[in-house]
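Chemist: Just to be clear, the model below is a prediction. Sequence and coordinates:
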Amino acid sequence: MDYRQMTSPCGLDCFNCPAFLANKDIDIRKSISQRLNLPLEEARCEGCRNTKGTIAFLGDNLPCAVFQCTSEKGIAYCYECADFPCDHLHPYADQANTRPHNTKLFNLCLIKKMGIEQWAKDKAHNVKRTYFNGKLRVHSADEK
């Protein structure tokens, strides 16, 4: 898999997204179709790099601001920008319980540190799992 192509400029891992997985999994596609009240053929996503920043199943026909910004600056990921982090990456709580967008900054820092391939293979899937299911740790395991 081309992890660079399937990781959005903002750090979302499209290759782990249910909307992308719906391209090959009809059960996921049916679930998205029902949940979003979309025709079955529209309940999927190819990844924002493959659609020039538009997310059709969400009704977007314009590129997202992050995709447009990174394209104009000629960079692959937001962490490469002198203005990183900026308000394009600001987390919002109104959909934090269902959308992984608050993981963007963490992912971008990991991609910068680990490289895209190692992050994609070793860490990306666990970031969302921890975000949605993990418990806040104030102390390290050694301090208990």
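Modeler: In hand now; what should we look at?
Chemist: Lowest average confidence across helices and strands, show me which element that is in the chain.
Modeler: Across the helices and strands of the chain, the lowest-confidence element by mean pLDDT, DSSP states H and E is helix 124-133, at a mean of 85.
Chemist: Does anything pack onto that one? Which helices or strands?
Modeler: helix 104-114 (3 or more CB pairs under 8 Å, 6 or more residues apart in numbering; DSSP states H and E). C-betas here are computed from N, CA, C, even on glycine.
Chemist: May I see the buried residues of the helix it packs on?
Modeler: Lys104, Leu105, Asn107, Leu108, Leu110, Ile111, Lys112 (16 or more other CB atoms under 10 Å).
Chemist: Next: stretch 37-57.
Modeler: For stretch 37-57, by 16+ other CB under 10 Å, it's Leu38, Ala43, Arg44, Cys45, Glu46, Gly47, Cys48, Arg49, Gly53, Thr54, Ile55, Phe57.
Chemist: So what would you say the end-to-end distance of it is?
Modeler: End-to-end distance for stretch 37-57, by CA to CA, to the nearest Å: 10 Å.
Chemist: about what we covered before: for the buried residues of helix 104-114, could you give me CSV that also reports pLDDT and distance to Ser33?
Modeler: Output for the buried residues of helix 104-114, formatted as CSV (pLDDT from 0 to 100; distance: CB to CB, whole Å):
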residue, pLDDT, distance to Ser33
Lys104, 88, 26
Leu105, 87, 31
Asn107, 92, 27
Leu108, 93, 31
Leu110, 94, 32
Ile111, 95, 31
Lys112, 95, 36
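Chemist: what's the closest of those to Phe15?
Modeler: Checking those against Phe15 by CB to CB gives Asn107 as the nearest, at 12.2 Å.
Chemist: This completes my enquiry, with thanks.
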